[in-house]
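Undergrad: with the sequence up front, the predicted model follows.
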Amino acid sequence: MKNKINLLLFVSALAFAFSSCNDEDPADVVACFTFSPEENIQVGDTVFFSNCSQEAQETVWTFGDDESSMETNPSHAYTAPGIYDVTLTAINGGVIVTATQSVNVAADLSYIINYGSYSGDKTTISTFNKYVDEDQVSNGYYAEVNGVAKTSNTQYAYNYNGNIYFMDNNVDGISWVNNKTFLQTSNAITTDIHKPRFCVGSGDYLYVSCWGSDAIFSGDLSISYIAKVDLSSNQVVSKISLPGGPEGLEIVNDKIYAALTFKDSVAIVDLSNESVNYIETPARTTNFEKDNEDNLYVTLTRDWDDYVTQTGIGYINTTTNQLESIYELNGVGTSYDNVMEPNADFSRLYVMSSESDENYNVSGSIYVFDVAAKSFESDKLTEGISGINGVDFYDNKVFCFVSESVTGNGKVITYSEDGTKVSEYETGIAPFMLLKVE
């Protein structure tokens, strides 16, 4: 609270002075202000106020949320959605004039990405609104906003520089929407984008891991690459050859670390010259999480056709580029960006473990890795989840994505950090990740 009591006393005293001495002409004092942005303001966005008052010796602002300011041109961020009446008080001696406008602040929605199915159902988007107690999840958001459904299956979604980028398969390409309005206003990038999997941004560029074609499943590992996309022109400006099926990406010290799904290693691409080196690993790799010191945890997963390979997570020191530690955990499988997720302060990692029977029915658990102790806790967060399809963390809750059917709607189950079930919501087909827009 910015000196709220003192400001109110100050304004009250001036009001008393005005009532006692009103020789000044109120017409000489004008209270006036504008603000930007005027639309699509979400929780946490900074609103900038511009004072256009005339003949004011002092100005006092109240923002409608118990916060105040005496700055001439203040800025303010709201912590909850709502319509706020902002009042500017212009003061000259005993003359007090006010101007009021309403600022509409929307909830900062997060998005559940539903992959769809291989039988023809395309990706749909569900929203999650943490500010309401009921009906927190709403389905069909992309079609609701854009008037048409998505025409591809999204492998990964990424919030960067004001847009949400979708790595789309079937049809291959990179599409995007504005992260405030969720409108798609440009055509997708399809040239030189083949089987995109994951992406990471740096400056004006987006780096996209691509498998090249379905031939990679037949053993042709040479066709995969990383596409460098210039976001100013929305074009692929180079392709960095990277055999082995790059999946998850992370950038540290001007180097791309790429998990290789078909090769027991992590690739390191130096962005200054695009040279490639490797860190050998005891298993295939799929995804990273970067800790508070810019070192990396990487998932060590079983082979596509080998369910007895030892799995777990590894720890990479990005200063020495060494795989320093391996923490074993059975069942870390061939899922991708949704296998491992940290909590808010990176004191815990939530890791998904699963297994499937002879009919490909999947069930699994969520394990807790204590970062300080460098070990998995003995108690699982939860277990026996049929159709487990991913894990995430948001709003101080663990999100578990469930897809028990390849054609029917899935669901998301939320848990507190002590493992207590909080809520359960229906989603679209095959939910697998939560895109947090904050």
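TA: Yep, that arrived.
Undergrad: low-confidence ranges in this protein?
TA: Along the chain, segments meeting pLDDT under 70 span 1-27, 303-310, 333-337, 356-361, 438.
Undergrad: can I see the domain layout of it?
TA: 4-106, 108-130+341-438, 152-337 (automatic domain parsing).
Undergrad: closest to V145 out of those domains?
TA: Smallest distance to V145 across these (C-beta to C-beta): 4.6 Å, for domain 152-337. The C-beta positions use only the backbone N, C-alpha and C, and glycine is treated the same way.
Undergrad: go ahead and name everything in contact with the strand or helix carrying Y257.
TA: Element membership for Y257 (DSSP states H and E) is strand 255-260. Applying C-beta atoms under 8 Å, 6 or more residues apart in numbering, the set of residues contacting strand 255-260 from outside is 200, 207, 209, 226, 242, 244-251, 266-271, 284-288, 296, 298-299, 316, 318.
Undergrad: just the CA trace of it, in PDB.
TA: Extracted in PDB, the C-alpha atoms of strand 255-260 (Å, rounded to 0.1, in the frame of the first residue of the first chain):
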ATOM      1  CA  LYS A 255      24.800 -23.100 -26.600                       C
ATOM      2  CA  ILE A 256      21.800 -25.200 -27.400                       C
ATOM      3  CA  TYR A 257      21.500 -28.500 -25.500                       C
ATOM      4  CA  ALA A 258      19.400 -31.000 -27.400                       C
ATOM      5  CA  ALA A 259      18.100 -34.200 -26.000                       C
ATOM      6  CA  LEU A 260      18.300 -37.000 -28.600                       C
END
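Undergrad: burial check on the closest residue to A283 other than its chain neighbours, number of neighbours?
TA: Spatially, and ignoring its direct neighbours in sequence, A283 is nearest to L300 (4.1 Å; C-beta to C-beta, 6 or more residues apart in numbering). Other residues lying near L300 total 24 when counted by other C-beta atoms under 10 Å.
Undergrad: relative to Y415, how far out is V422?
TA: Distance of V422 to Y415, given as C-beta to C-beta, to the nearest Å: 6 Å.
Undergrad: an error on my part: the question was meant for N273.
TA: 45 Å.
Undergrad: quick one, which of those two is more surrounded?
TA: Y415 (19 against 7).
Undergrad: touching both of V422 and Y415, which residues are there?
TA: With C-beta under 8 Å, 6+ apart as the test, V422 and Y415 both reach K397.
Undergrad: can you give me the strands for the stretch 301-438 of the chain?
TA: 312-317, 322-328, 340-342, 348-356, 362-370, 375-376, 382-386, 388-394, 397-402, 409-415, 421-429, 431-435 (DSSP state E, counting those that start in this stretch).
Undergrad: what packs against the shortest one?
TA: The one in question is strand 375-376. Identification of packing neighbours for strand 375-376 by 3 or more C-beta pairs under 8 Å, 6 or more residues apart in numbering; DSSP states H and E yields strand 362-370.
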